[in-house]
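*Asks:* Sequence and predicted structure, then a few things I'm wondering about:
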Amino acid sequence: MHHDHDHDIDSGNDSGNDSGNAIRLATLSEDFDQSEVMFCEADERATLYASNDYRPCSVLHPLVWQDPDSTLADIPALVEKGDKVVSRELAELIMAFDPYGVECYPVELDVADGRASDRFILAVNNILDVSDRQRSRIIKNPKPHRPDIISRLAICPEKLRQLPLSRRLVFRVKESNTVFFADDIARLVIDGLQQGRFPLTQATPFDTSECAPLR
């Protein structure tokens, strides 16, 4: 994917709260209050992007998701079904920051009146151990060999700041499947939302003094 511009970025900005130590982040998601699409995978290549291991690969033909009950006009700029499928404009905005451990795979979305191309799965394989265990609520899973259950997640800014900038741009926290984005990315997305460029999509900003929104 072509990265046509660079950014002067700092994902460790102060939030302005009393501690002066918080880091601003955001989640990006489909606007489920407005969107009614229900896509599912239509081929067998989900293993290319569903792993937590960072193993870059490529595809000769786009992956296919389908929703026979929706139309082209219904498709959001960001479709969420565990993984995120985004428009080319949104993918280029995010990948221009060159985030570590993030791959884009081309996708076509089949709907009742056609097929939408120029869409990409964001495969986020940058998993960070940055939770604040004291402020989070993490319950041991009673089922063997299953991940812990998290009902409240707080991110530790000190742990996050110890990591290289490229790893703080787009990431998951080890205990959660939610994808978090640096404030510099989120602000550009919010600008696009205000201009109507990313339909049926929402951004939820927060800082690390707060509990993180979970998706």
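*Replies:* Structure's in. What do you need?

*Asks:* And the one helix or strand R187 maps to, what does it pack against?
*Replies:* For R187, the element it lies in under DSSP states H and E is helix 183-194. Contact here means 3 or more C-beta pairs under 8 Å, 6 or more residues apart in numbering; DSSP states H and E; on that basis helix 183-194 packs against strand 24-30, helix 88-95, strand 201-207. Where C-beta positions appear, they are placed from N, C-alpha and C, glycine not excepted.

*Asks:* average pLDDT across that helix?
*Replies:* Across helix 183-194, the average pLDDT comes to 98.

*Asks:* Buried residues, that helix. List them.
*Replies:* Residues of helix 183-194 classed as buried: 183-186, 188-190, 192-193 (neighbour count, 16 or more other C-beta atoms under 10 Å).

*Asks:* Touching stretch 133-152 from outside, list them.
*Replies:* Stretch 133-152 is contacted from outside by 131, 153-154, 175-176, 211, 214, using C-beta atoms under 8 Å, 6 or more residues apart in numbering.

*Asks:* Determine which two of those residues are furthest apart.
*Replies:* Farthest apart among these by C-beta to C-beta are E175 and C211. That separation is 12.8 Å.

*Asks:* what about the helix or strand bottoming out on mean pLDDT in the chain, distance to the chain center?
*Replies:* The weakest-scoring helix or strand in the chain, judged by mean pLDDT, DSSP states H and E, is strand 40-41 (a mean of 84). Mean-position distance between strand 40-41 and its chain equals 18 Å (C-alpha atoms, centre = their mean, to the nearest Å).

*Asks:* Adding distance to V37, write the buried residues of helix 183-194 out as TSV.
*Replies:* Shown next, in TSV, are the buried residues of helix 183-194 (distance: C-beta to C-beta, whole Å):
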residue	distance to V37
D183	28
D184	29
I185	24
A186	23
L188	24
V189	19
I190	22
G192	20
L193	18
